[in-house]
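S.K.: Fold the following.
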Amino acid sequence: MEKLSSRRSIFKKVGATVLAALGVGVVKAADHGDPEYPEKKVVGEIVTDDQKIPLFSGAVKHGNTLYIAGKGAHFEGDIKSHTDHVLKELEKELVKNGSSMEKVLKVNVYLHDLADYHGMNEVFRGRFGPNPPVRTTVATYGGVPGDSLVEMDCIAAL
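M.R.: Below is the predicted model:
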């Protein structure tokens, strides 16, 4: 096994040298033990602070996975209207990036008030197809940013 690993290492070095000689740039991925480790690609807007310094990305693709930042509902309404709005916003982002509600693997739900849990569930139920994603639901201390009654983020397959 050690001999095989040594041979692979030599082939990688020779291949990189040949590519460099041909003028082909090779970007080394972060060392995760996998030479085919995919690159992170920002596919949503980059949110900045008041000094235009990047804070976070709205959506990121990494390999065959899509990560979508939290979506909220920033208007007057009840938990059901806010939940419906947030789920529609998530779906728009999913579809825009080649995924769907049925391909969502994980959802995080952040409630302004735990008393809204059942109302949120009424709207949430069935929105991800017959095989719903893994979900974590918490009530946030101090409320959800932007006065939304609910915020959700998700991870989906592409």
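S.K.: all contacts plus neighbour counts: C-alpha atoms, from now on.
M.R.: Fine.
S.K.: Which phi and psi values does the closest residue to V144 other than its chain neighbours adopt?
M.R.: Leaving aside its sequence neighbours, V144 sits nearest to H112 (CA to CA, 6 or more residues apart in numbering; 5.3 Å). Backbone torsions for H112, taken as degrees, to the nearest 10, come to phi -70, psi -40.
S.K.: Residues contacting stretch 48-62, please?
M.R.: The contact list for stretch 48-62 (CA atoms under 8 Å, 6 or more residues apart in numbering) reads 38-47, 66-70, 93.
S.K.: residues contacting the residue nearest to the spatial centre of the chain?
M.R.: Centre of the chain computed as the mean C-alpha position; nearest residue by CA atoms, centre = their mean is Y67, 0.9 Å away. Shown in contact with Y67 (CA under 8 Å, 6+ apart): 59-61, 153-156.
S.K.: Quick one: those as JSON lines, columns for neighbour count, secondary structure and distance to P145 too.
M.R.: Shown next, in JSON lines, are the contacts of Y67 (neighbours: other CA atoms under 10 Å; DSSP: H, G, I helix; E, B strand; the rest coil; distance: CA to CA, whole Å):
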{"residue": "A59", "neighbour count": "22", "secondary structure": "strand", "distance to P145": "18"}
{"residue": "V60", "neighbour count": "21", "secondary structure": "strand", "distance to P145": "21"}
{"residue": "K61", "neighbour count": "21", "secondary structure": "strand", "distance to P145": "25"}
{"residue": "D153", "neighbour count": "20", "secondary structure": "strand", "distance to P145": "13"}
{"residue": "C154", "neighbour count": "23", "secondary structure": "strand", "distance to P145": "17"}
{"residue": "I155", "neighbour count": "22", "secondary structure": "strand", "distance to P145": "20"}
{"residue": "A156", "neighbour count": "22", "secondary structure": "strand", "distance to P145": "23"}
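S.K.: No further questions, thank you.
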